[in-house]
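Participant: fold the stuff below for me.
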Amino acid sequence: MDQKLLSIMACPICKGPLKHDRAAAELLCFADGLAFPVRDGIPVMLESEARELSVEEREKH
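Facilitator: Model prediction:
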């Protein structure tokens, strides 16, 4: 994922910052506790496609 693109992207729900998890191919929003998938290099920023972060994942932040 391009760093320039990541720097201007925001969570579609809270408009907060996102963290890129390269290993999991996801963009993480810790404020909402959601992980948005990145498929073929394209972020899927739909709430219906996001998964909830586990308690352990939230605590890492």
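Participant: who's in contact with P43?
Facilitator: Residues counted as contacts of P43 (CB atoms under 8 Å, 6 or more residues apart in numbering) are M1, M9, L27, F36, P37. Just so you know, the C-beta spots here come from the backbone N, C-alpha and C atoms, and that holds for glycine as well.
Participant: restricted to strands, list these.
Facilitator: The members of the contacts of P43 that map onto strands under DSSP state E are L27, F36, P37.
Participant: please name the bridge partners of the second one.
Facilitator: In other words, F36. L27 (DSSP bridges).
Participant: ok, the residue most central in space within the chain - contacts?
Facilitator: With distances taken as CA atoms, centre = their mean, L27 lies nearest the centre of the chain, 2.1 Å away. Contact partners of L27, counting by CB under 8 Å, 6+ apart, are M1, L6, M9, L18, K19, H20, D21, A35, F36, V38, P43, M45.
Participant: any chance of the residues you listed in CSV, plus pLDDT and distance to S54?
Facilitator: Shown next, in CSV, are the contacts of L27 (pLDDT from 0 to 100; distance: CB to CB, whole Å):
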residue, pLDDT, distance to S54
M1, 69, 22
L6, 85, 23
M9, 94, 23
L18, 95, 18
K19, 94, 15
H20, 94, 18
D21, 94, 13
A35, 98, 10
F36, 98, 15
V38, 95, 19
P43, 94, 21
M45, 97, 21
